[in-house]
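Asks: Provide a 3D model corresponding to the input given below.
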Amino acid sequence: MIRCGSAIGVTLDQLPLGTSARIAAVDWALLVPEEAQRLRALGIDEGARVRLAYRGVFLGRDPIAIEIGRMTVALRRAHARAMTVEAEAA
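Replies: Model prediction:
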C-alpha cells in the first residue's frame, strides 16, 4: 500500500529500486541469530537509512543490494523480508 509518497507496511524486498527508506522495524525472530548479529554489526537495524540499489533478475530475485551510509551490502531476500521500511520523501 503506497500513500503520499511513503510506503506503509512494505518490507525491504518490496521497495522499488532506487528508493531511499528508513528501516522502521526488524523481525529478528525470522533470522538465524548469527545472521542477525552480522546485520546489526553492519548497521542494519531499526532507524537506519537505506537505499535499494539492486535486485537479482533470476528466479528467486536474489541477492538484493542496499546502500547504507557509504557501504553497499548484499542481502538475501529472506533477510530483507524481515525488515519493514518507510520510504523517505524525495
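Asks: Buried residues of the helix or strand hosting residue 85, list them for me.
Replies: Counting by DSSP states H and E, the element that carries residue 85 is strand 83-87. Buried residues in strand 83-87, counted by 16 or more other CB atoms under 10 Å: 83-85, 87. For the C-beta atoms, the positions are set from N, CA and C on the backbone; glycine is no exception.
Asks: What does the most centrally placed residue in the chain show for phi and psi?
Replies: Nearest to the mean C-alpha position of the chain, by CA atoms, centre = their mean, lies residue 12 at 3.5 Å. As for residue 12, its main-chain torsions (degrees, to the nearest 10) stand at phi -60, psi -30.
Asks: Next: residue 16.
Replies: Torsion angles at residue 16 (phi, psi; degrees, to the nearest 10) stand at phi -70, psi 150.
Asks: Just to check, it is in contact with residue 51?
Replies: No. Applying CB atoms under 8 Å as the test, residue 16 and residue 51 come out as separate, 10.7 Å apart.
Asks: Give me the common contacts of the two.
Replies: Listed as contacting both residue 16 and residue 51 by CB atoms under 8 Å, 6 or more residues apart in numbering is no residue at all.
Asks: higher neighbour count, these two?
Replies: The neighbour comparison of residue 16 against residue 51 (other CB atoms under 10 Å) goes to residue 51, with 16 against 12.
Asks: so what's that one scoring on pLDDT?
Replies: We have a pLDDT of 95 for residue 51.
Asks: can you map out the strands along this structure?
Replies: For the chain, applying DSSP state E gives strands covering 2-3, 6-7, 10-11, 20-26, 49-55, 64-68, 71-75, 83-87.
Asks: would TSV of those strands with distance to residue 39 be doable?
Replies: As requested, those are arranged in TSV below (distance: least, CB to CB, whole Å):
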stretch	distance to residue 39
strand 2-3	26
strand 6-7	20
strand 10-11	14
strand 20-26	8
strand 49-55	11
strand 64-68	10
strand 71-75	8
strand 83-87	9
